[in-house]
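A.B. asks: coords please:
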Amino acid sequence: MRRPYKIIFILSLIIGIIGRFWGAWVNNESNDNHVEVVQRILAHQLIDHKDSCWECFQPPLFYQAHASFSSISGADSRRELIQQMQLVSALMNLLAVYFIYLTFLNFFGKSMVTRIALCFALLNPALFAMGIQGTNDMPVILLGTIASWLLSVFLTKGKTSHLIAIGILAILAAYIKGSGLAVFLMFSFWLVVLAIKSKKYLTLIIPIVGLILLVTQSQYRHSYNTYGNPFETNLFKPSPPPFFDDGKEFWARPGITSVWNSYGKFRLFNMLKMPYNINTSKGPNIPKHRTSFWSQMYGSFLDSRFLQHPYSWENKHPDRLNMTRVLFVLALFLIAVLLIGMYMILRKLRMVKDFLSIESIYLSLFLGMMFFGLKYSYDYRDFGCIKATFILPVLLPMMHIFAMGWRGLKQDKIKRIGRVVIFLILGIFAVDIFVLVRELTMIAYEYTAFV
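C.D. replies: Sure thing, here's the model as predicted:
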C-alpha cells in the first residue's frame, strides 16, 4: 500500500472507531426521542397506545431490552440512559462495519477495494450518525448487514445453520422497527428460494413460524386490534400525492408534493446553493431540494448535518457548507459507478442460475429497500420521511454493487482519477466527523463551539 493511502487507512480506523465511542458518550440528542419509551417502561407507565408518547407506537422489543439492560448497568437518569443506548449503538455500528469488511475480504481478498470499503463503512456519515444515536434504527441495520453476510457465506458453504440464522435475524428486525418488516420480507423470500434450491426444506419452518408470530403476537397485531391498521404510526397519513402539482394542495410539511416533482427530479444545483434542510413547516426559504426524494436521499447519505436535525447537530459555518458542496459534486462519481454496477449485474441475468448469484440477490435487496423508502415517503409525504437511514440495512449489498461497477471500469486512467476522488471524499468524511464530535463534546461540556 502506498504511503498516502496507508495514512488515510490508519486515520479512518482511528476516527471511525474512537469517534464512534466518544461521540456516543458526549451526544445529547437523537433524531427522535426513543429514550422516553425506556423511561416509561422503567417507571411502569403506559406505552401500548400511540398517544402515550411520540415513539410509543413502535414495536417494544428494542426498548424492553434497554430497560432490562439498565437494571444491570445501573443507568436510571435520562443522561445515563442516553449514554447507554448510544454506546450500544456504537458497538452495533462497529459490528456492522466488521461484517461488511468480512464480506469484502471474502470476495476481494486483502486488496485496495477491501481497504477502501472498510474506510467508507467507517466514515460514511449516515452510518456514523446512527452509531452515536440511541435509536431503534441501528439494530435493524446490524441485523440486515449480518443477514447479507450470511447470504454470501451460504452460497459458498451451503450450511443449513446459515439459512436458519438468516430467518431468525429477519424476524428480530420486524420485532424492532416497522422498517424491519421490509427486511423480514426480503430476506425471508431469499431464504425460501435458497432452501428450495438446496433442498433444505426444514428451514422453511423459520419464515412460516415468523410470519404467524408477526400476524398473531406482535405490535402489528396490537395496532390492528386498537386502530384497525397494523402499520399505525405517529404521523398523519395525507391523501396520495397528485402526479403533477406545484405543491399548493399539500398543507402539511412539504416533502412529496407530487410524483413528478418529487420522484422525477434531482435538484443538484439547488443543493449546491443551499446544502442543508430547513425544518420549518412552510415558508419562502424552504429549499426546492426538500421536495425531491433523490436529493434528500443523496444529501442525508453523504452529510450527517444535511437534515439539520437533531438540533444540536446544526452547523451552517461557510467553510463546512463549502466542503459539503464539493462533496456533493465529487460523489456524483460514486453514483455513476453504482449505476454501472447495477447495469453489469442486470446484463448477466440470462439464466435461472444467474438470478441466484450473490450479485443479483444483493441487487434485489438494495432495490427492495429503496422501494420501501420510496413507498413510505409516498404514503406520508412529510420531508422527515425521506432519509438514507432506510437503505442502511442493505449498505453492504449497495457497496458490493459499487465494487462490481468499479471492476467494470476498464481504463486505468479512469480508475486512477476515481481513486483520487474516493480518497478526497473519505477525507471530507473524516474532517466532518472530527468537527461533529468536537462540537458535540463542547456542547456536552457547556462550551461554545467555534464552528
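
A.B. asks: how many residues are close by P310?
C.D. replies: Per other CB atoms under 10 Å, the neighbour tally for P310 reads 17. Yep, even glycine has a C-beta here, placed from its N, CA and C like the rest.

A.B. asks: so who does it touch?
C.D. replies: Contacts for P310 were tallied using CB atoms under 8 Å, 6 or more residues apart in numbering; they are E29, S30, N31, Q133.

A.B. asks: could you do N315 as well?
C.D. replies: Taking CB under 8 Å, 6+ apart as the test, what N315 contacts is R305, V435, L436, E439, V451.

A.B. asks: what about the third one, which SS state?
C.D. replies: Under DSSP: H, G, I helix; E, B strand; the rest coil, the three-state class of L436 is helix.

A.B. asks: tell me, how many residues neighbour the closest residue to it other than its chain neighbours?
C.D. replies: Counting by CB to CB, 6 or more residues apart in numbering, L436 lies nearest to S304, which is 6.0 Å off, once chain neighbours are set aside. When neighbours are defined as other CB under 10 Å, S304 has 21 of them.

A.B. asks: am I right that S304 is in contact with R320?
C.D. replies: No - if you go by CB atoms under 8 Å, S304 and R320 don't touch, sitting 11.0 Å apart.

A.B. asks: circling back: as CSV, the contacts of P310 with neighbour count, pLDDT and secondary structure would be great.
C.D. replies: Putting the contacts of P310 into CSV (neighbours: other CB atoms under 10 Å; pLDDT from 0 to 100; DSSP: H, G, I helix; E, B strand; the rest coil) gives the following:
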residue, neighbour count, pLDDT, secondary structure
E29, 16, 91, coil
S30, 22, 91, coil
N31, 17, 89, coil
Q133, 26, 97, coil
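
A.B. asks: and which of these is nearest to T233?
C.D. replies: Of all the contacts of P310, the one with the least separation from T233 (CB to CB) is N31, at 14.9 Å.

A.B. asks: roughly how far apart are the closest one and D432?
C.D. replies: N31 sits 17 Å away from D432 when distances are taken as CB to CB, to the nearest Å.

A.B. asks: hey, where'd the helices end up in the stretch 351-451 of the chain?
C.D. replies: 352-355, 358-380, 395-407, 412-444 (DSSP state H, counting those that start in this stretch).

A.B. asks: need the winner for burial among these.
C.D. replies: Sort the helices of the stretch 351-451 of the chain by mean neighbour count, taking mean count of other CB atoms under 10 Å, and helix 395-407 sits at the top with a mean of 23.

A.B. asks: who does that one touch, helix- and strand-wise?
C.D. replies: Identification of packing neighbours for helix 395-407 by 3 or more CB pairs under 8 Å, 6 or more residues apart in numbering; DSSP states H and E yields helix 78-108, helix 112-123, helix 137-157, helix 332-347, helix 358-380.

A.B. asks: N225: which of those is closest?
C.D. replies: Closest to N225 of the helices and strands packed on helix 395-407, according to CB to CB: helix 358-380, at 21.4 Å.

A.B. asks: elements contacting the closest one?
C.D. replies: The contact analysis (3+ CB pairs under 8 Å, 6+ apart) places helix 358-380 against helix 137-157, helix 180-197, helix 293-302, helix 332-347, helix 395-407.

A.B. asks: pull the CA atoms of it into PDB?
C.D. replies: Extracted C-alpha coordinates of helix 358-380, given in PDB (Å, rounded to 0.1, in the frame of the first residue of the first chain):
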ATOM      1  CA  ILE A 358     -24.900 -13.100  -4.800                       C
ATOM      2  CA  GLU A 359     -24.700 -10.100  -7.100                       C
ATOM      3  CA  SER A 360     -28.300 -10.400  -8.300                       C
ATOM      4  CA  ILE A 361     -29.500 -11.200  -4.700                       C
ATOM      5  CA  TYR A 362     -27.700  -8.100  -3.400                       C
ATOM      6  CA  LEU A 363     -29.200  -6.000  -6.200                       C
ATOM      7  CA  SER A 364     -32.700  -7.100  -5.300                       C
ATOM      8  CA  LEU A 365     -32.100  -6.300  -1.600                       C
ATOM      9  CA  PHE A 366     -30.900  -2.900  -2.400                       C
ATOM     10  CA  LEU A 367     -33.700  -2.100  -4.800                       C
ATOM     11  CA  GLY A 368     -36.200  -3.600  -2.400                       C
ATOM     12  CA  MET A 369     -35.100  -1.400   0.500                       C
ATOM     13  CA  MET A 370     -35.000   1.600  -1.800                       C
ATOM     14  CA  PHE A 371     -38.600   0.800  -2.900                       C
ATOM     15  CA  PHE A 372     -39.600   0.700   0.800                       C
ATOM     16  CA  GLY A 373     -38.200   4.200   1.300                       C
ATOM     17  CA  LEU A 374     -40.000   5.400  -1.800                       C
ATOM     18  CA  LYS A 375     -43.300   3.900  -0.700                       C
ATOM     19  CA  TYR A 376     -43.000   5.200   2.800                       C
ATOM     20  CA  SER A 377     -42.400   8.700   1.500                       C
ATOM     21  CA  TYR A 378     -45.300   8.400  -0.900                       C
ATOM     22  CA  ASP A 379     -47.700   7.400   1.800                       C
ATOM     23  CA  TYR A 380     -46.800  10.000   4.400                       C
END
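
A.B. asks: just give me the neighbour total for F243.
C.D. replies: Counted by other CB under 10 Å, the residues lying close to F243 total 11.

A.B. asks: for D245, see how far away the closest residue to it other than its chain neighbours is.
C.D. replies: In this structure, F243 finds its nearest non-sequential neighbour in V259, 4.7 Å apart by CB to CB, 6+ apart. Between V259 and D245 the distance, using CB to CB, works out to 9 Å.

A.B. asks: I am finished for the moment; much appreciated.
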